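1. let me see the structure of the following:
(chains A, B, C and D)
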Protein chains: 2
Amino acid sequence: MSTLKEVADHAGVSIATVSLVLNGKTTVSEATREKVLACIESLNYRPNMVARGFKTKKTMAIAVLLPTITNPIYATFIHTVEYLAHENNYQVILFSYDHENILSNFDYLTDLYDRMVDGIIICGIPPLPAPNHLKKAKQIMQAFSERKTPFVFYNEEEQFSVFLDTFGIPKDDGNFMLLKIDREQAVYEAVKHLICSGHTRIGFIGEGVVNTYPQNIPYQKKLSGYKRALAEAAIPFSSELIITGTDGYQGGSDCFAHLSSLKNPPTAYVGTGDTISLGILSAATKSGFSVPGEVSVIGFDNILEASFWNPKLSTISVPIKDIGKAAFTNLLLLMGGGTVPFTIKSFDTELIIRESSH
Amino acid sequence: MSTLKEVADHAGVSIATVSLVLNGKTTVSEATREKVLACIESLNYRPNMVARGFKTKKTMAIAVLLPTITNPIYATFIHTVEYLAHENNYQVILFSYDHENILSNFDYLTDLYDRMVDGIIICGIPPLPAPNHLKKAKQIMQAFSERKTPFVFYNEEEQFSVFLDTFGIPKDDGNFMLLKIDREQAVYEAVKHLICSGHTRIGFIGEGVVNTYPQNIPYQKKLSGYKRALAEAAIPFSSELIITGTDGYQGGSDCFAHLSSLKNPPTAYVGTGDTISLGILSAATKSGFSVPGEVSVIGFDNILEASFWNPKLSTISVPIKDIGKAAFTNLLLLMGGGTVPFTIKSFDTELIIRESSH
DNA sequence: ATACTCTATTTAAACGTTTTAGATTGAGGG
DNA sequence: CCCTCAATCTAAAACGTTTAAATAGAGTAT
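-> You can find the predicted model right below:
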């Protein structure tokens, strides 16, 4: 198609004028504005966004990083973000970090830096750079900070801090914001509910240590909540009931097979994510256990599938759409150079008891 | 960070030389190459990809358009594409078109044009421009063609043709490729299986007409397969068993409620997507029907959830990962200026009978 | 008339690359 | 000592915008 120059030539004005009418910055007389608009229309002009991005250093693109798009909770999250992004003329770049090809070095953020994305949303625990890449990674994060590229995290506060500390970024840098939920309390309440129903052998299954991070803090928070509820009821903690390092439907399923074959198996299970819990549920019903008669299961996230499952999964509901919405709107604010009314925002979870537990 | 010029100054060479060593085009002496590389390292230089994209007209970005990221089948698809894209230094831009804010005009493809994405993958039925936007949309598609931006579709051949015809693009344009499966045959086999098991009242539930397209051909193919199987067995077609215009778990669930309350309700159901079928299954078991004792259900897609559900869903398996892989690798070929060994490629589906049917 | 204000428009530089054509260098050959 | 040639390297244009500063032109007030 045509360029600014061609439009200008046809309209008999300078390219600056055309640019001005396009961006509506300074005053352009109504006469020339119309003349220019007509030429734009007839020449079928379209602005070259990459040239514009090159010049203005605004690409109108954001990146959303998440553990895996394959988990419905994250699909829902990004779906919400995407809607708002398009509404504001931003494009969204997708990044799942369960692909081994991006792990260990810091390529994924480096690439985002090189492409000058305007903002980044990070869900869950992004892979840290391997030690031999740490120096470079620090420089990248430093450069992001100088460029004032905002980041919005959805995570635990401590994990957020680990990330920042790793790169030597101060808490008050101003370009980082955190969205969080209280996983410890949420799981505490779920387990307490189970205990009140008489359960004392409660399996706890989750993703545990992932990627290259020393600690998976969201997981640990959940585990803490579990332990607190147990302790409060004076139920001894038994490490054989804890399985770590697994995820998804298959992971949950496998873990159930293992735990249920214990000499003294659990009567209840809590999974750190709904896909895990649904996997547990699947294996339990498949192996002939009655739910919630013989085993109870509680999940985390409240994905759509949970309420359609047979039996319906009891779970901890997290307002993922609200979080997604907050992620984008706050990022937008930050990208606009504004400051955000808070750098940490909490969301409430809710224990929803359905059919898989009693 | 620094720019090409700064590196050049430090190394005491011209920026052309630095660019040359970066891109390894012409011969650069080993001595200067090392000198330059050292400066790049010490100055912590990073190429500005948007400047590069501006100059070369290659943005190293592709877009993946799909009905909704929220459907596990598409999440799996894009997950596969994403892996390969990153492997080849491409970024992927996500576009779900179930957001009403992009419908009816052609903004989503126009924006992709403006951003000069290098290639586009289109799953399912993208919204057509409203009549008053058709002229502009044609120009955009024309411009894409001149720019030689390749498109890979995952759809039915006729739908592919409708798309091309809408914009007046010839079949042999060379920038368009189609990946397809035989939906008619797949559903035919599924229904035939049901009929062989003695079912004669078979509900058919699907998305039907969507968006602004006059016809949803993938849906119609499935419906044709259904009709063919019925006809072959001399079972009269009953339109009251067909529900259209619905989707997802909730949609399937609602439709079951409706159909099962008929005076002469179906004994079997086929949904045009697994989420629909799982919704049916959910409603069926919830209302106390035994599956597959009283009602049978068959789905389409074979999403991961299908095999963990209770009961396990019988479904038509589509090799979505293979399709995703083919989508990217062929797009890559096309983007590299190559020609593809075929412009239409077929994939095989497979009827998988599990527990939800007999 | 003169000087002064606005308003509308243009000039021209700049953004960070790639790339082509040509300049420079130095070696080898006559 | 000059010429040729290959090997290296550089100058400069180009990509399509935005934008600060300059300019022109039309009123206005003096």
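
2. where does the stretch 151-300 of chain A dip in pLDDT?
-> Across the stretch 151-300 of chain A, the stretches falling below the confidence threshold (pLDDT under 70) are A:209-214.

3. ranges for the strands of it?
-> For the stretch 151-300 of chain A, applying DSSP state E, counting those that start in this stretch gives strands covering A:151-154, A:176-181, A:202-205, A:242-243, A:268-271, A:296-301.

4. what's the closest of those to chain B?
-> Judged by CB to the nearest CB, the one of the strands of the stretch 151-300 of chain A that comes nearest to chain B is strand A:296-301, at 11.9 Å. Where C-beta positions appear, they are placed from N, C-alpha and C, glycine not excepted.

5. that closest one close to chain B?
-> No: contact of strand A:296-301 with chain B (CB under 8 Å from any CB of the partner chain) is absent, the minimum separation being 11.9 Å.

6. then that strand to CSV, C-alphas only?
-> The C-alpha atoms that make up strand A:296-301 are tabulated as CSV, following Å, rounded to 0.1, in the frame of the first residue of the first chain:
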residue,chain,number,x,y,z
SER,A,296,-12.9,-36.6,49.4
VAL,A,297,-11.1,-34.3,47.0
ILE,A,298,-10.6,-30.6,47.0
GLY,A,299,-8.9,-28.5,44.3
PHE,A,300,-7.6,-25.0,43.8
ASP,A,301,-8.5,-22.5,41.1
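
7. tell me which helix or strand comes right after that strand.
-> Tracing the chain C-terminally past strand A:296-301 and defining elements by DSSP states H and E, one meets helix A:304-308 next.

8. point out the residues in the stretch 51-200 of chain A that sit beside DNA strand D.
-> Contacts of the stretch 51-200 of chain A with DNA strand D, taken as CB under 7 Å from any atom of the strand, map to A:51, A:52, A:54, A:55, A:56.

9. near chain B, from the residues you listed?
-> Subset of these in contact with chain B: A:51, A:54, counting by CB under 8 Å from any CB.

10. among the residues of the stretch 51-200 of chain A next to DNA strand D, name the buried ones.
-> A:51, A:52, A:54 (16 or more other CB atoms under 10 Å in any protein chain shown).

11. and those residues, which of them are in helices?
-> Counted as lying in helices by DSSP state H, out of those, are A:51, A:52, A:54.

12. CSV for these, including distance to residue B:242?
-> Formatted as CSV, the entries for those read as follows, by distance: CB to CB, whole Å:
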residue, distance to residue B:242
A:51, 51
A:52, 50
A:54, 53
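
13. just put those residues in JSON lines and tack on pLDDT.
-> Listed next are those as JSON lines, based on pLDDT from 0 to 100:
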{"residue": "A:51", "pLDDT": "97"}
{"residue": "A:52", "pLDDT": "97"}
{"residue": "A:54", "pLDDT": "97"}
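
14. closest to residue A:245 among those residues?
-> Lowest distance from residue A:245 to these (CB to CB) belongs to residue A:54, with 44.6 Å.

15. hang on, the closest one packs against residue B:52?
-> No: taking contacts as CB atoms under 8 Å, residue A:54 lies outside contact range of residue B:52: 9.2 Å.
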